[in-house]
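*Asks:* I need the structure of the sequence given here:
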Amino acid sequence: MKIHFISIGGSAMHNLAIVLAKKGFTITGSDDIIHEPSKSRLKKQGLLPNTFGWFPEKITSDIDVIILGMHAKVDNPELLKAQELGLKIVSYPEFLFEQAKNKTRVVIGGSHGKTTITSMVLHVLHYHEKEVDFMVGAQLEGFETMVHLSDDNDFMVLEGDEYLSSPIDLRPKFHLYKPNIALLSGIAWDHINVFPTFKNYVEQFELFINSITNGGILVYNEKDEIVKKLVEESTSTIKKYPYSTPDYFIENGITYLQTEEGDLPLEVFGKHNLQNLAGAKWICQHMGIDEDDFYEAIASFKGASKRLEKIAENSSTVIFKDFAHSPSKVSATTKAVKEQYAERTVLACLELHTYSSLNAAFLSEYKGALDQADTAVVFYSPDAVEIKKLEKVSKEQIAKAFDREDLIIYTNPSEFKEFLFSQNLKNSALLLMSSGNYGGLDFDEVKELIN
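*Replies:* A predicted model of the protein is given here:
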């Protein structure tokens with residue numbers, strides 16, 4: 001089969017391309033820009049386009065399937081040529097469903113925690129050498145790619161993203177998977193560019209619940225009031241399994257989970273991560289892993305890449321990098337670090353980088369999100385606001401939105417870096433939250449702050 005990827009450089013797209021190439025498919029692709037690590041990984045497999053850009057001449061009638069990425073636009077020259085030729089065009093979630101339609105599909109959804117929960121499930125299954133197909137949104141220790149497809153495995157575990165599938169398929173990705181087993185971790189308004197109202201956003205999760213197969217299973221976080229309400233009101237013929245925060249305590253900077261077999265030290269921490277763990281346990285149990293085996297495996301789980309990822313530590317200082325950018329994630333992550341390191345000064349730095357976080361109408365959602373930090377810093381780039389064609393956001397608007405009088409705000413990358421590198425980090429926990437890089441911050445240099 002010959003498959004062409006329009007927008008091959010995306011995190012999920014390039015992984016899928018690599019996996020399909022290894023399965024023997026003929027793979028080609030295009031993109032106008034490809035960042036690391038996608039660029040190096042595609043190059044290693046001989047899949048990196050020779051020239052960046054869109055080339056309609058690449059689209060020929062002998063192509064069996066076009067996989068269209070969200071990064072492409074509706075007027076993409078290659079897409080237009082494919083439509084003109086009448087070729088089969090699918091999004092990557094649509095393609096994954098086709099690969100998994102005869103398997104038991106396990107889909108992890110929610111505004112936050114889905115990558116971590118999916119990663120926990122895969123870690124436990126991998127630990128116990130239980131082979132499954134999967135797609136997850138972060139690179140995991142012990143896994144070569146973020147996507148795995150086989151002909152033989154009974155299960156496919158999918159991270160269920162609520163963002164749109166492709167420029168010509170405006171359904172959220174997780175609506176396409178039709179799960180047999182599903183999980184909902186929590187709902188907090190996000191992606192304001194495609195879901196302009198909270199009501200519209202919540203409706204997507206209602207549709208997700210309704211997409212679960214008859215007689216299927218829904219595991220859900222009963223501590224999230226919106227999720228609890230949606231699940232309790234659902235009339236779908238499904239089995240419902242609630243989870244909440246398990247019992248735990250913190251001693252000498254280590255979080256211990258209290259189990260019937262004794263206190264279990266964990267590598268991860270934070271109330272939100274303990275809830276994620278409880279959800280992952282239910283999912284694993286429904287996949288044939290008993291409770292004792294789950295605990296044995298989860299003790300060695302260090303976290304998903306960029307999710308409270310510890311990048312440096314010495315006897316008095318620890319530095320974390322986290323992908324958190326939405327208000328609920330920022331709040332949960334900051335609280336987790338402060339609870340874990342109660343005796344230390346927590347310096348939390350947040351970059352407002354996404355479309356939602358830079359939207360003036362959405363900023364008020366951040367009220368109180370950094371309250372648990374001893375020192376709170378917000379960085380944003382006015383250039384990013386301009387590139388995204390949003391109305392200008394002032395420092396005053398940001399200060400008012402976060403509702404914190406001592407909030408430090410930077411718009412200049414070099415000034416932010418100067419501030420960061422001038423801090424005395426003794427007896428501190430530094431938390432860097434962003435889906436970007438603070439205008440070019442070198443995280444390897446940051447590690448040197450405590451060496």
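
*Asks:* For stretch 218-227, give the distance from the opening residue to the closing one.
*Replies:* Start-to-end span of stretch 218-227 (C-alpha to C-alpha, to the nearest Å) is 11 Å.

*Asks:* wait, stretch 370-389
*Replies:* 27 Å.

*Asks:* Give me the buried positions along it.
*Replies:* Neighbour-count burial for stretch 370-389 flags 370, 372-373, 375-381, 384-385 (criterion: 16 or more other C-beta atoms under 10 Å). No exception for glycine: its C-beta is placed from N, CA and C like everyone else's.

*Asks:* before we move on, what about stretch 307-319?
*Replies:* For stretch 307-319, using 16+ other C-beta under 10 Å, the buried residues are 307-309, 312, 317-319.

*Asks:* Export those residues to TSV and append columns for distance to residue 191, pLDDT and secondary structure.
*Replies:* Below are these laid out as TSV (distance: C-beta to C-beta, whole Å; pLDDT from 0 to 100; DSSP: H, G, I helix; E, B strand; the rest coil):
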residue	distance to residue 191	pLDDT	secondary structure
307	19	82	coil
308	22	87	coil
309	23	89	strand
312	32	93	strand
317	35	95	strand
318	31	95	strand
319	29	96	strand
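
*Asks:* Pick the one among the residues you listed closest to residue 441.
*Replies:* Proximity of the buried residues of stretch 307-319 to residue 441 was ranked by C-beta to C-beta; the top entry is residue 319 with 12.2 Å.

*Asks:* My guess is the closest one contacts residue 309. True?
*Replies:* No: applying C-beta atoms under 8 Å, one finds residue 319 not in contact with residue 309, separated by 9.6 Å.

*Asks:* how far out from the middle of the chain is the helix or strand hosting residue 378?
*Replies:* Element membership of residue 378 [criterion: DSSP states H and E] is strand 375-380. Averaged C-alpha coordinates place strand 375-380 at 22 Å from its chain's average position (C-alpha atoms, centre = their mean, to the nearest Å).

*Asks:* and it, what other elements does it pack with?
*Replies:* Judged by 3 or more C-beta pairs under 8 Å, 6 or more residues apart in numbering; DSSP states H and E, the packing partners of strand 375-380 are strand 345-352, helix 395-402, strand 408-410, helix 413-421.

*Asks:* What mean pLDDT does that strand get?
*Replies:* The average pLDDT within strand 375-380 is 95.

*Asks:* and after that strand, which helix or strand comes next?
*Replies:* Note on strand 375-380: by DSSP H and E, the next helix or strand toward the C-terminus is helix 382-387.

*Asks:* Name the surrounding residues that touch that next one.
*Replies:* 353, 358, 391-393, 411, 436 (C-beta atoms under 8 Å, 6 or more residues apart in numbering).

*Asks:* Relative to residue 44, which of these is nearest.
*Replies:* residue 436 (25.4 Å).

*Asks:* check contacts around the closest residue to the closest one other than its chain neighbours.
*Replies:* With sequence-adjacent residues excluded and distances taken as C-beta to C-beta, 6 or more residues apart in numbering, residue 436 is closest to residue 353, at 3.9 Å. Going by C-beta under 8 Å, 6+ apart, residue 353 touches 325, 380-381, 384, 434-436.

*Asks:* what would the buried residues of stretch 370-389 look like in a markdown table with distance to residue 89?
*Replies:* Formatted as a markdown table, those follow (distance: C-beta to C-beta, whole Å):
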| residue | distance to residue 89 |
| --- | --- |
| 370 | 43 |
| 372 | 46 |
| 373 | 46 |
| 375 | 50 |
| 376 | 46 |
| 377 | 44 |
| 378 | 41 |
| 379 | 39 |
| 380 | 36 |
| 381 | 35 |
| 384 | 31 |
| 385 | 33 |
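
*Asks:* Pull the most distant pair out of those residues.
*Replies:* So, those by C-beta to C-beta: farthest apart are 372 and 385, at 26.9 Å.

*Asks:* what's around residue 344, how many residues?
*Replies:* When neighbours are counted by other C-beta atoms under 10 Å, residue 344 registers 20.

*Asks:* Distance check, it against residue 262.
*Replies:* Look at residue 344 and residue 262: by C-beta to C-beta, to the nearest Å, they are 28 Å apart.

*Asks:* Count the residues that sit near residue 129.
*Replies:* So residue 129, with other C-beta under 10 Å, has 6 neighbours.

*Asks:* what's near enough to touch it?
*Replies:* The contact partners of residue 129, by C-beta under 8 Å, 6+ apart, come to none.

*Asks:* my guess is it is in a strand, correct?
*Replies:* No: Residue 129 is assigned coil when assessed by DSSP: H, G, I helix; E, B strand; the rest coil, not a strand.

*Asks:* Show the model's pLDDT score for it.
*Replies:* Per the predicted model, pLDDT is 95 at residue 129.

*Asks:* And stretch 76-90, what's buried?
*Replies:* 76-79, 81-82, 87, 89-90.

*Asks:* Please compute how far that stretch lies from its chain's middle.
*Replies:* Counting by C-alpha atoms, centre = their mean, stretch 76-90 comes out at 29 Å from the chain centroid.

*Asks:* For it, which outside residues touch it?
*Replies:* Residues from elsewhere that reach stretch 76-90, judged by C-beta under 8 Å, 6+ apart: 4, 6, 30, 54-56, 58-61, 63-68, 72, 98, 167-168.

*Asks:* and if we set it to 10 Å?
*Replies:* For stretch 76-90, contacts defined as C-beta atoms under 10 Å, 6 or more residues apart in numbering pick out 3-7, 29-30, 32, 53-69, 72-74, 96-98, 165-169, 176.

*Asks:* Endpoints of it, how far apart?
*Replies:* End-to-end distance of stretch 76-90 (C-alpha to C-alpha): 15 Å.

*Asks:* Quickly run through the sheet partners of the strand holding residue 378, with directions.
*Replies:* Sheet pairing for strand 375-380, assigned by DSSP bridges, gives strand 345-352 (parallel), strand 408-410 (parallel).

*Asks:* and among those, the most buried is which?
*Replies:* Most buried of the strands paired with strand 375-380 by mean neighbour count (mean count of other C-beta atoms under 10 Å) is strand 345-352; its value is a mean of 24.

*Asks:* tilt between that one and helix 395-402?
*Replies:* If you take axes from the mean of the first three to the mean of the last three C-alpha atoms, to 10 degrees, strand 345-352 sits at 120 degrees to helix 395-402.

*Asks:* how close does residue 426 sit to residue 349?
*Replies:* As for residue 426, its distance to residue 349 is 18 Å (criterion: C-beta to C-beta).

*Asks:* which stretches of the chain have low pLDDT?
*Replies:* Applying pLDDT under 70 to the chain picks out residues 355, 385, 388.
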